[in-house]
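>>> Sequence below, structure please.
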Amino acid sequence: MKKNNLFFVNGRFYYGWVMLFCGFMSMFICYVIKVNCFGLFYTPVMAELNINRVDFTQLNTFMTVAMMITSLFIGKIYKKFKIKYVLSICCAIPALCFVLMSRATNIYQLWILGFIQGIGWAGATNLPVTIMVSNWFGPKIKGTAMSLGMLGSGAGAIVFPSIINNVIHTYGWRAGYMAMALCVAIMIPIALFLAVNMPSERGFEVRVGDPTEEELKEKGLNESVQRMGITGEQAIKTARWWCQWFAGALTMVGAAFFSAQFVNYFEEIFGGGEAARTSAVALYSSALGTLILGKFLLGAISDFIHIKRAAVIAPICYAGVFICMLLCQNNSSVFSKVLIPVYMIAGALPSVIPFLITAYNFGDKEYGVMSGWMNIAGNVGQIVGPLIAAYVREKTGTYAPALIIFTILMFVVALLYFLSTRVSKKQISNMGYTPVN
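Purely as a prediction, here's the structure:
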């Protein structure tokens, strides 16, 4: 038998790397279009439709409510049907909605289309890559593989916000929505021609990153790591689950504000006008661009020092980001530069840590189901974060109180993740699962 390595299993190129490319592209295209380009439409849409900031933020609310509802069962759909068909349909829905949004004449039409769009986004953003990594990579390399897939959002953040902003500036926001429809549609043939559910469908019985038989015996384990874990129904009966679930929700409260209103925040700091907006978009793209390295680093750090420690470090870094943003009101030139490297690790938190911590805490047995439920936590945060920020801005004329709130929340997230790997040990052991350290 030929020796296995990172790229070859039994002498054959490991197809998991092709699957990782599919996951990378779902983040590169779908995640960035959904998350990082939303904030570009605030100013032009509000001006043409004569609506206020809170009204437009409700578009994100309706979209996210639909994602929450769909996330209850989308993991089971991915488990039951071929991933290439599910992912293709999930991409087609938001693409079609963008076409219709480009023809909207009032905010109510945007709300309805945003809700429908959220159904597709639930299965087209970060869920596919987490399922692909869980199915195709073992615990030794899962963190690095996850981060490689997730860094697609960092790479896409360099490309798409600037492109879409240029389209909006040159041709208007309606053309911007059409451009995003075209971008999302690119993902459909990638899914149809490349995506495969499980390694066994390509003739692989061993995953890259799985422990050897000798290592399993040393740990007292007698079954494949691929089959280890507990069910989603068992998981939600533990305090461990709710610690990590609320950590994921609170993380997205702050992260959603960062994605949705970062450009508007710095546009105000830089004095307003087109030049200020261009500078704010450039700063935003620079911050997001660091995620190309940051997501890889956070995943590799999780493999090296263990996910238990990385899950505490990352939210503390995010608290540092909000502190820098707050201080930028007094000295934007200095603290906007400090913000960039701190965000490199912090920005990777929402898309890396929740899914690695789920795999560690509860195993691979029903990972897709639980990953979908963790998306609900993120969806809750996506609704709450922008609403808090928009409400505070409208009432006080500044984002400062919201930034203080988000800073405190990130320290709470660090505490919750710390607890999530330490509570319910006996309960989970009695259910038949012991996390592999």
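
>>> make it CA atoms for all contacts and neighbour counts henceforth
Noted.

>>> which of the residues in whichever strand or helix holds S429 are buried?
S429 is located in helix 425-430, with elements delineated by DSSP states H and E. Using 16 or more other CA atoms under 10 Å as the test for burial, helix 425-430 gives K425, Q427, I428.

>>> got the contact list for F246?
Listed by CA atoms under 8 Å, 6 or more residues apart in numbering, the contact partners of F246 are A377, V413, L416.

>>> pretty sure the last one is touching R240, no?
No - judged on CA atoms under 8 Å, L416 makes no contact with R240 at a distance of 9.2 Å.

>>> now the helices: where do they sit in the stretch 1-150 of the chain?
16-25, 42-49, 53-80, 83-101, 107-121, 126-136, 142-150 (DSSP state H, counting those that start in this stretch).

>>> where along the stretch 151-300 of the chain do the helices fall?
Ranges of helices in the stretch 151-300 of the chain, per DSSP H, counting those that start in this stretch, are 152-171, 173-185, 187-194, 213-218, 232-235, 239-269, 274-289, 291-305.

>>> now those helices in CSV, with distance to V384 and mean pLDDT?
Output for the helices of the stretch 151-300 of the chain, formatted as CSV (distance: least, CA to CA, whole Å; pLDDT from 0 to 100):
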stretch, distance to V384, mean pLDDT
helix 152-171, 22, 88
helix 173-185, 24, 96
helix 187-194, 29, 94
helix 213-218, 44, 64
helix 232-235, 25, 91
helix 239-269, 6, 89
helix 274-289, 21, 83
helix 291-305, 24, 85
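
>>> Out of these, which gets nearest to F38?
The closest of the helices of the stretch 151-300 of the chain to F38 is helix 239-269. By CA to CA, the value is 6.2 Å.

>>> Give me the buried positions along that closest one.
For helix 239-269, burial by neighbour count (16+ other CA under 10 Å) applies to 239-267, 269.

>>> Let me know the angle separating it from helix 42-49.
Interaxial angle, helix 239-269 versus helix 42-49 (axes from the mean of the first three to the mean of the last three CA atoms, to 10 degrees): 70 degrees.

>>> Which residue lies nearest to V412 in three dimensions, sequence-adjacent residues excluded?
Sequence neighbours aside, A247 is the residue nearest to V412 in space, at 7.7 Å (criterion: CA to CA, 6 or more residues apart in numbering).

>>> whoops, I mixed them up, V133
Leaving aside its sequence neighbours, V133 sits nearest to M146 (CA to CA, 6+ apart; 6.0 Å).

>>> Read off the pLDDT value for that neighbour.
Predicted confidence (pLDDT) for M146: 84.

>>> In contact with it, which residues?
V129, T130, V133, G299, V352, L356.

>>> what number of residues lie near the third one?
Residue crowding around V133 was assessed by other CA atoms under 10 Å; the count is 26.

>>> any idea how far the closest residue to M344 other than its chain neighbours is from L288?
Excluding its sequence neighbours, the residue lying closest to M344 (CA to CA, 6+ apart) is G294, at 4.5 Å. Noted for G294: a distance of 9 Å to L288, by CA to CA, to the nearest Å.
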